[in-house]
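In: Here is a sequence with its predicted model. Questions after.
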Amino acid sequence: MELIIFYLAAVVAVGGGLMMIMQRNPVASVLYLIVTLVAIAVMFVQLNAVFVGALLIIVYAGAILVLFLFVIMLLNLRGEKFAEKRTRLDRPTRIILAVAFILELLAMFKQVAFPGRMDELMVQASPDFGGARPVAELLYTKYLFPFELTSILLLVAIVGAVVMARRDEKDKKRGI
(Lines give C-alpha, C1' and ligand atoms only; values in the text may rest on other atoms or scores of the structure.)
Protein backbone atom coordinates (compact mmCIF):
# COMPACT_ATOMS: atom_id res chain seq x y z
CA MET A 1 0.00 0.00 0.00
CA GLU A 2 2.87 2.39 0.80
CA LEU A 3 4.35 1.85 -2.64
CA ILE A 4 1.04 2.69 -4.31
CA ILE A 5 0.71 5.89 -2.26
CA PHE A 6 4.31 6.82 -3.11
CA TYR A 7 3.82 6.33 -6.85
CA LEU A 8 0.52 8.20 -6.77
CA ALA A 9 2.09 11.11 -4.88
CA ALA A 10 5.08 11.10 -7.27
CA VAL A 11 2.82 11.23 -10.33
CA VAL A 12 0.75 14.03 -8.78
CA ALA A 13 3.92 15.98 -7.86
CA VAL A 14 5.47 15.68 -11.32
CA GLY A 15 2.13 16.37 -13.03
CA GLY A 16 1.49 19.40 -10.84
CA GLY A 17 4.99 20.70 -11.51
CA LEU A 18 4.58 20.30 -15.26
CA MET A 19 1.16 21.96 -15.22
CA MET A 20 2.58 24.79 -13.10
CA ILE A 21 5.19 25.71 -15.69
CA MET A 22 2.83 25.23 -18.66
CA GLN A 23 0.17 27.65 -17.40
CA ARG A 24 -0.08 31.15 -18.81
CA ASN A 25 -2.28 32.27 -15.93
CA PRO A 26 -0.11 32.99 -12.86
CA VAL A 27 -2.95 32.23 -10.43
CA ALA A 28 -3.38 28.76 -11.93
CA SER A 29 0.40 28.24 -11.70
CA VAL A 30 0.36 29.00 -7.98
CA LEU A 31 -2.55 26.60 -7.45
CA TYR A 32 -0.69 23.83 -9.27
CA LEU A 33 2.37 24.57 -7.13
CA ILE A 34 0.21 24.03 -4.05
CA VAL A 35 -0.84 20.63 -5.44
CA THR A 36 2.82 19.76 -6.02
CA LEU A 37 3.83 20.77 -2.49
CA VAL A 38 1.02 18.72 -0.95
CA ALA A 39 2.14 15.65 -2.92
CA ILE A 40 5.73 16.16 -1.77
CA ALA A 41 4.50 16.55 1.82
CA VAL A 42 2.81 13.15 1.49
CA MET A 43 6.18 11.67 0.50
CA PHE A 44 7.86 13.23 3.54
CA VAL A 45 5.18 11.78 5.79
CA GLN A 46 5.89 8.38 4.27
CA LEU A 47 9.55 8.82 5.23
CA ASN A 48 8.43 9.42 8.84
CA ALA A 49 9.43 13.08 8.54
CA VAL A 50 6.02 14.30 9.68
CA PHE A 51 7.38 17.62 10.91
CA VAL A 52 8.94 18.45 7.52
CA GLY A 53 5.70 17.43 5.77
CA ALA A 54 3.70 19.67 8.08
CA LEU A 55 6.15 22.53 7.47
CA LEU A 56 5.67 22.14 3.73
CA ILE A 57 1.91 22.45 4.11
CA ILE A 58 1.83 25.17 6.76
CA VAL A 59 4.74 27.38 5.70
CA TYR A 60 4.94 26.99 1.94
CA ALA A 61 1.44 26.05 0.80
CA GLY A 62 -0.23 27.94 3.61
CA ALA A 63 1.78 31.14 3.88
CA ILE A 64 4.23 31.79 1.07
CA LEU A 65 1.95 30.71 -1.78
CA VAL A 66 -0.91 32.72 -0.31
CA LEU A 67 1.53 35.63 -0.35
CA PHE A 68 2.28 34.88 -4.02
CA LEU A 69 -1.44 34.89 -4.80
CA PHE A 70 -1.84 38.17 -2.92
CA VAL A 71 0.98 39.81 -4.90
CA ILE A 72 -0.28 38.44 -8.23
CA MET A 73 -3.76 39.74 -7.55
CA LEU A 74 -2.43 43.02 -6.17
CA LEU A 75 -0.40 43.64 -9.32
CA ASN A 76 -3.36 42.50 -11.43
CA LEU A 77 -1.21 40.20 -13.57
CA ARG A 78 -2.96 38.51 -16.45
CA GLY A 79 -1.81 35.59 -18.55
CA GLU A 80 -2.37 37.60 -21.74
CA LYS A 81 0.48 39.96 -20.83
CA PHE A 82 2.95 37.11 -20.90
CA ALA A 83 1.74 35.69 -24.23
CA GLU A 84 2.71 38.87 -26.12
CA LYS A 85 6.42 38.73 -25.37
CA ARG A 86 7.81 36.06 -27.67
CA THR A 87 11.29 36.21 -29.10
CA ARG A 88 13.27 34.28 -31.66
CA LEU A 89 15.11 32.53 -28.82
CA ASP A 90 11.86 31.08 -27.47
CA ARG A 91 11.76 27.97 -29.65
CA PRO A 92 15.47 27.00 -29.36
CA THR A 93 15.29 27.46 -25.59
CA ARG A 94 12.31 25.12 -25.41
CA ILE A 95 14.10 22.53 -27.53
CA ILE A 96 17.26 22.69 -25.39
CA LEU A 97 15.26 22.37 -22.16
CA ALA A 98 13.23 19.46 -23.58
CA VAL A 99 16.40 17.60 -24.60
CA ALA A 100 17.95 18.22 -21.16
CA PHE A 101 14.78 16.94 -19.48
CA ILE A 102 14.73 13.79 -21.64
CA LEU A 103 18.42 13.14 -20.90
CA GLU A 104 17.77 13.48 -17.17
CA LEU A 105 14.84 11.07 -17.41
CA LEU A 106 17.00 8.55 -19.28
CA ALA A 107 19.76 8.83 -16.67
CA MET A 108 17.21 8.33 -13.90
CA PHE A 109 15.68 5.27 -15.56
CA LYS A 110 19.15 3.82 -16.17
CA GLN A 111 19.92 4.22 -12.46
CA VAL A 112 16.64 2.55 -11.46
CA ALA A 113 16.91 -0.30 -13.98
CA PHE A 114 20.62 -0.94 -13.34
CA PRO A 115 21.25 0.18 -9.75
CA GLY A 116 24.92 -0.86 -9.66
CA ARG A 117 26.54 0.70 -6.60
CA MET A 118 23.43 2.54 -5.48
CA ASP A 119 22.51 -0.20 -3.00
CA GLU A 120 25.93 0.18 -1.37
CA LEU A 121 25.60 3.96 -1.14
CA MET A 122 22.16 4.01 0.51
CA VAL A 123 22.30 4.99 4.16
CA GLN A 124 19.69 4.25 6.78
CA ALA A 125 18.04 7.45 8.04
CA SER A 126 18.48 8.31 11.70
CA PRO A 127 15.46 7.71 13.98
CA ASP A 128 14.90 11.45 14.48
CA PHE A 129 15.05 12.22 10.73
CA GLY A 130 12.69 15.06 9.87
CA GLY A 131 11.81 15.78 13.48
CA ALA A 132 11.48 19.21 15.03
CA ARG A 133 14.74 19.07 16.98
CA PRO A 134 17.17 18.34 14.09
CA VAL A 135 15.40 20.80 11.79
CA ALA A 136 15.47 23.55 14.44
CA GLU A 137 19.11 22.89 15.31
CA LEU A 138 20.16 23.26 11.68
CA LEU A 139 17.85 26.20 11.00
CA TYR A 140 18.96 28.26 13.99
CA THR A 141 22.67 27.38 13.96
CA LYS A 142 24.18 26.49 10.61
CA TYR A 143 21.53 28.08 8.36
CA LEU A 144 20.52 31.09 10.49
CA PHE A 145 21.95 33.70 8.11
CA PRO A 146 20.27 32.31 4.94
CA PHE A 147 17.01 31.91 6.91
CA GLU A 148 17.02 35.55 8.01
CA LEU A 149 18.15 36.71 4.58
CA THR A 150 15.20 34.91 3.02
CA SER A 151 12.76 36.59 5.39
CA ILE A 152 14.23 40.02 4.56
CA LEU A 153 14.02 39.21 0.84
CA LEU A 154 10.34 38.29 1.18
CA LEU A 155 9.64 41.49 3.10
CA VAL A 156 11.36 43.60 0.43
CA ALA A 157 9.38 41.79 -2.28
CA ILE A 158 6.09 42.56 -0.51
CA VAL A 159 6.97 46.24 -0.07
CA GLY A 160 8.11 46.43 -3.71
CA ALA A 161 4.86 44.88 -4.93
CA VAL A 162 2.78 47.34 -2.93
CA VAL A 163 4.86 50.30 -4.20
CA MET A 164 4.51 49.11 -7.81
CA ALA A 165 0.75 48.62 -7.44
CA ARG A 166 0.30 52.10 -5.94
CA ARG A 167 2.42 53.63 -8.69
CA ASP A 168 0.26 51.91 -11.36
CA GLU A 169 -2.90 53.25 -9.68
CA LYS A 170 -1.48 56.79 -9.63
CA ASP A 171 -0.46 56.53 -13.28
CA LYS A 172 -3.95 55.35 -14.26
CA LYS A 173 -5.54 58.27 -12.39
CA ARG A 174 -3.26 60.73 -14.17
CA GLY A 175 -3.99 59.10 -17.55
CA ILE A 176 -0.44 57.97 -18.25
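Out: It's in. Residues are numbered from 1 along each chain as shown.
In: Now do the contacts for Leu3.
Out: For Leu3, no contacting residues are found, by Cβ atoms under 8 Å, 6 or more residues apart in numbering. C-betas here are computed from N, CA, C, even on glycine.
In: So which elements touch the lengthiest helix in the chain?
Out: What stands out as the longest helix in the chain, according to DSSP state H, is helix 144-174. Judged by 3 or more Cβ pairs under 8 Å, 6 or more residues apart in numbering; DSSP states H and E, the packing partners of helix 144-174 are helix 65-75.
In: Nearest to the spatial middle of this protein, which residue is it?
Out: Residue closest to the average C-alpha location in the chain (Cα atoms, centre = their mean): Leu33, at 6.0 Å.
In: and that residue, what pLDDT?
Out: Model confidence at Leu33, expressed as pLDDT, equals 88.
In: show me what contacts it?
Out: Leu33 neighbours (Cβ under 8 Å, 6+ apart): Gly16, Gly17, Met20, Leu65.
In: In which helix or strand does the first one reside?
Out: Just to be clear, that refers to Gly16. Assigned by DSSP states H and E, Gly16 belongs to helix 2-22.
In: Heading C-terminal from that helix, find the next helix or strand.
Out: Remark: after helix 2-22, the chain's next helix or strand is helix 26-46, criterion DSSP H and E.
In: Centre of the chain to that following helix, how far?
Out: Relative to the centre of its chain, helix 26-46 is centred 8 Å away, using Cα atoms, centre = their mean, to the nearest Å.
In: Please work out the average pLDDT along the helix or strand following it.
Out: Later in the chain than helix 26-46, the nearest helix or strand by DSSP H and E is helix 50-55. The average pLDDT within helix 50-55 is 87.
In: What are the buried residues along helix 50-55?
Out: Neighbour counts over helix 50-55 (16 or more other Cβ atoms under 10 Å) mark Phe51, Val52, Gly53, Ala54, Leu55 as buried.
In: The third one reaches Leu37, doesn't it?
Out: In other words, Gly53. No: using Cβ atoms under 8 Å, Gly53 makes no contact with Leu37, being 9.9 Å away.
In: Would you mind identifying the helix or strand in this structure with the lowest mean pLDDT?
Out: The weakest-scoring helix or strand in the chain, judged by mean pLDDT, DSSP states H and E, is helix 79-84 (a mean of 54).
In: Toward the C-terminus, what is the element adjacent to that helix?
Out: Trace forward from helix 79-84 with DSSP H and E and the next one is helix 90-113.
In: Tell me which residues of that next one come out buried.
Out: Residues of helix 90-113 classed as buried: none (neighbour count, 16+ other Cβ under 10 Å).
In: chain center to it: distance?
Out: That offset, for helix 90-113, works out to 19 Å (Cα atoms, centre = their mean).
In: ok and that helix relative to helix 2-22, angle-wise?
Out: Here the directions of helix 90-113 and helix 2-22 differ by 170 degrees (axes from the mean of the first three to the mean of the last three Cα atoms, to 10 degrees).
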